[in-house]
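Visitor: Attaching a predicted model along with its sequence, questions to come.
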Amino acid sequence: TGSKPDISRAKSAELYEKSKTYFPGGVNSPVRAFKSVYGTPLFIEKGDGCYIWDADGNQFIDFCGSWGPLILGHNNPKIREKVTEVMQNGMSFGAPTALENELAELIIKNNRFVEKIRFTSSGTEAVMSAIRLARGFTGRDKIIKFEGCYHGHSDSLLVKAGSGLVTFGETSSAGVPKSFAEETIVIPLNDTNAIEQAFAQFKDQVAAVIIEGIPANNGLIIQDEEYVKFLRKICTDNGSLLIFDEVITGFRVGFEGAAAHYGIKPDIVTYGKIIGGGLPVGMYGASAEIMAHISPDGGVYQAGTLSGNPVAMAAGIATLTELNKSSFYKDLNAKAQGFVESIQRFATARNYRFKVFSVGSIFWFAFTDKEKIQTADDIDAGSMEKFKVMHRELLNRGIYLGPSGYEVGFVSAAHTKVELEKAKRAIFEALDLVFKK
Ligand code: PMP
């Protein structure tokens with residue numbers, strides 16, 4: 001089989017021309033602009049189950065799932081009904097509602113890692129607030145983050161590694177004051193030496209170490225359990241808090257996220273995406289003792305006009321109720337693992353330099369022959385050209401992946417055997433084309 005003809009993007013192209021007059025790059029979040037893949041960004045009109053349709057009427061099996069929230073697929077009837085029911089009573093009060101209690105109870109009663117929580121409206125806000133809480137709780141200013149982890153776009157976290165092995169970071173965005181970056185130490189993942197050195201160099205100054213439960217924003221950089229346990233210990237030994245950013249992994253790899261996956265108790269956990277069932281929700285939580293530092297109980301200020309919004313809470317309640325059913329994760333993860341294993345078998349049989357890394361229903365296609373990828377530096381930037389070819393061939397075969405080779409994909413409960421078979425065949429064809437001489 002050869003390349004398929006490109007799908008029609010006439011309507012999307014027209015909408016894109018217009019959107020460029022309204023928004024920088026024509027989008028409201030940068031990666032949507034398809035800058036690292038072929039063609040015009042697709043404007044999506046509709047989603048149902050594991051399918052989406054664009055403005056030109058092209059249908060795709062979707063493995064992006066709105067970047068993670070849609071673990072039950074698009075337009076899930078249970079979420080839609082709950083949201084519609086709650087909306088009949090109004091959409092925002094800026095006052096407490098019983099719905100917040102209901103979602104909080106679902107989370108706290110079924111999660112060993114949080115005793116008290118606070119809802120926000122995005123993952124960025126949740127993480128930004130968690131950092132402030134760690135600083136307020138410890139009375140220290142510096143934080144340690146890892147190269148290859150993304151934690152949203154707050155100032156303290158738009159920081160990349162500086163020139164030395166252990167120095168404070170450099171801003172990774174214009175507009176972030178240098179003085180902010182100086183409070184963030186950026187080190188490589190999977191390197192016990194680097195973090196020991198950081199703690200030695202900034203003794204008694206580190207408020208927190210923040211890591212993605214399983215780093216999934218720059219490929220899927222799976223850490224060894226031993227290393228994550230080491231992080232837990234070195235934080236405890238130094239009086240620093242360990243923050244697990246579980247905005248992707250929370251309620252994805254299991255109801256209790258990566259913390260349960262590794263059997264590690266972080267001091268503060270952040271969630272987002274899935275807890276909002278596709279509506280804007282974030283959350284951070286910790287022990288009652290740590291959370292007592294949040295205003296109005298404590299001195300760490302954090303607020304939000306739409307925090308705990310009833311419609312968003314309704315979507316979260318409907319979603320988590322489904323996820324809390326026994327065997328939900330067992331079934332989803334088994335289905336996803338079957339899918340990725342057969343793709344790997346195909347690629348291995350043909351000697352392609354291609355690996356599928358995965359945890360549960362998260363997967364990442366890597367054009368590499370490395371057995372493990374555990375630091376950002378392990379990723380070969382040149383391999384992204386291959387992803388670009390694959391992405392185009394997959395779109396032309398009705399398969400939608402996030403528009404960057406650094407992004408992970410998600411299998412949802414709405415993907416059935418039929419769609420996964422179809423997707424596999426398309427992926428096999430695309431791989432053959434990527435690797436053809
Ligand atoms: N943390 C992690 C681990 C994320 O993956 C993201 C978003 N991809 C964020 C924080 C920021 O969340 P949001 O985009 O909702 O602000």
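Guide: It's in. Numbers count the residues shown, from 1 in each chain.
Visitor: do the strand or helix carrying Phe244 and the ligand meet?
Guide: Under the criterion of DSSP states H and E, Phe244 resides in strand 241-245. Yes: contact of strand 241-245 with the ligand (CB under 6 Å from any ligand atom) involves Asp245. All C-beta atoms are positioned from the backbone trio N, CA, C, and that covers glycine.
Visitor: Please name every helix or strand in contact with the very next helix or strand once past that strand.
Guide: Using DSSP H and E, the helix or strand that follows strand 241-245 in sequence is helix 257-262. Packed against helix 257-262 by the contact rule (3 or more CB pairs under 8 Å, 6 or more residues apart in numbering; DSSP states H and E) you find helix 225-237, strand 241-245, strand 268-271.
Visitor: mind listing the helices for this protein?
Guide: Here the chain has its helices, by DSSP state H, at 10-22, 77-87, 98-108, 123-138, 178-181, 192-201, 225-237, 257-262, 288-291, 310-323, 328-349, 384-395, 417-435.
Visitor: Show me which parts of the longest one are buried, residue by residue.
Guide: Read that as helix 328-349. 328-329, 332-333, 335-337, 339-340, 342-344, 346-347 (16 or more other CB atoms under 10 Å).
Visitor: Go back to these and keep what's next to the ligand.
Guide: Within the buried residues of helix 328-349, nothing lies near the ligand by CB under 6 Å from any ligand atom.
Visitor: Arrange the helices and strands packed on helix 257-262 in a markdown table, one row each, with mean pLDDT and distance to Glu322 as further columns.
Guide: Shown next, in a markdown table, are these (pLDDT from 0 to 100; distance: least, CB to CB, whole Å):
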| stretch | mean pLDDT | distance to Glu322 |
| --- | --- | --- |
| helix 225-237 | 98 | 28 |
| strand 241-245 | 99 | 23 |
| strand 268-271 | 98 | 16 |
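Visitor: which of those is buried the deepest?
Guide: Highest mean neighbour count of those: strand 268-271, a mean of 30 (counted as mean count of other CB atoms under 10 Å).
Visitor: Is the ligand within reach of that one?
Guide: No: contact of strand 268-271 with the ligand (CB under 6 Å from any ligand atom) is absent, the minimum separation being 6.8 Å.
Visitor: Any chance you could list what contacts that strand?
Guide: Residues outside strand 268-271 that contact it (CB atoms under 8 Å, 6 or more residues apart in numbering) are 107, 113-114, 123, 126-127, 130, 133-134, 208, 241-247, 250-251, 257, 259, 282-286, 290.
Visitor: Stretch 314-326 too?
Guide: By CB under 8 Å, 6+ apart, stretch 314-326 touches 71-72, 76, 78-79, 81-83, 85-87, 99, 102-103, 106-107, 110, 251, 255, 274-279, 281, 328-329, 413.
Visitor: Which ChimeraX command selects the buried ones in those?
Guide: Buried members of the contacts of stretch 314-326, defined by 16+ other CB under 10 Å, are picked up in ChimeraX with:
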select :71,72,76,79,82,83,86,99,103,106,107,251,255,274,275,276,277,278,279,281,328,329,413
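Visitor: what bridges to Met254?
Guide: Heads up, residue 254 is Gly, not Met. In this entry, Gly254 is beta-bridged to Gly250, by DSSP bridges.
Visitor: Looks like it contacts Tyr329 (just checking).
Guide: Yes: in this structure, Gly254 is within contact of Tyr329 by CB atoms under 8 Å, at 5.1 Å.
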